[in-house]
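1. below is the sequence, then the predicted model.
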Amino acid sequence: MAQWTSAVGAAQLARLLTSQQDRPAGPGTRRPPAYRALADGVRLLVLEGRVPVAARLPAERELALALSVSRTTVAAAYEALRAEGFLESRRGAGSWTSVPAGNPVPARGLEPLPPEALGSMIDLGCAALPAPEPWLTRAVQGALEELPPYAHTHGDYPAGLPALRAMIAERYTRRGIPTMPEQIMVTTGAMGAIDAICHLFGGRGERIAVESPSYANILQ
């Protein structure tokens, strides 16, 4: 695998590793060294698909701080993972997860599925339907026809296009909820909406209960 294609933050990886501590150990099981436990934890996350293959891991110092361990422990764990084929590194590019040569890649660890696997593998970890055609194409074509007037403006509408806000407000009004366009805010996506809501209702440093699994990277 030539290069990493995604990244796992230190806080996110620390949460995943901490969740493994709740698993019961067998009777008489000896506690492994800290570096070995860390290496085994990352390896298990890769095999389970909870950390994707080709995901860039945080730097040694960053992960050590998140886990409250020494950098030597993280460095030894990364070295063990490299020796076992579960980690690849390159100076200047960092370290990213991999699987030993000849081993099948965990289906949940492929994000997204490579094109050559689309016909032979079903990704059950992504609840996303195909694009709604022909309506999507018609909508894009209609939007392109209405683009020229907006091209003559600055194009910066933080709350959404005025025409779109008016149409949404009118729809709410027809359904019995009187709404003005000024009460509508259109975001660029679900994560943008969640971020705006968090800033509105949650102050810096406040604890917020969320569900898991959730949107990718939204917890971090």
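-> Yep, it's here. This is a predicted model, so every value here is computed, not measured.
2. buried ones in stretch 55-67?
-> Neighbour-count burial for stretch 55-67 flags Ala55, Arg56, Leu57, Pro58, Glu60, Glu62, Leu63, Ala64, Leu65, Ala66, Leu67 (criterion: 16 or more other Cβ atoms under 10 Å). Where C-beta positions appear, they are placed from N, C-alpha and C, glycine not excepted.
3. point out where the chain drops to low pLDDT.
-> Applying pLDDT under 70 to the chain flags residues 1-5, 21-29, 104-128, 212-220.
4. tell me where it has helices.
-> 10-19, 34-48, 60-67, 71-84, 135-145, 147-151, 162-174, 190-201 (DSSP state H).
5. surely Val8 is in contact with Glu62?
-> No - the pair formed by Val8 and Glu62 falls short of the contact definition of Cβ atoms under 8 Å, at 11.1 Å.
6. thinking again about what came up before, mind checking which of the helices of the chain is nearest Thr97?
-> helix 34-48 (5.1 Å; Cβ to Cβ).
7. so which elements touch the closest one?
-> helix 10-19, helix 71-84 (3 or more Cβ pairs under 8 Å, 6 or more residues apart in numbering; DSSP states H and E).
8. pull the CA atoms of stretch 181-201 into CSV?
-> Backbone C-alpha positions of stretch 181-201 (Å, rounded to 0.1, in the frame of the first residue of the first chain) are rendered in CSV as follows:
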residue,chain,number,x,y,z
PRO,A,181,-37.2,33.3,5.0
GLU,A,182,-35.2,35.1,7.8
GLN,A,183,-35.9,32.1,10.0
ILE,A,184,-34.3,29.6,7.7
MET,A,185,-30.6,28.8,7.6
VAL,A,186,-29.2,26.4,4.9
THR,A,187,-25.9,24.7,5.7
THR,A,188,-23.4,23.1,3.4
GLY,A,189,-24.1,19.7,4.9
ALA,A,190,-25.1,17.8,8.1
MET,A,191,-21.7,18.3,9.7
GLY,A,192,-22.0,22.0,9.2
ALA,A,193,-25.4,22.0,10.7
ILE,A,194,-24.3,20.0,13.8
ASP,A,195,-21.3,22.4,14.2
ALA,A,196,-23.6,25.4,14.1
ILE,A,197,-26.0,23.9,16.6
CYS,A,198,-23.1,22.9,19.0
HIS,A,199,-21.8,26.5,18.9
LEU,A,200,-25.3,27.9,19.5
PHE,A,201,-26.3,25.7,22.5
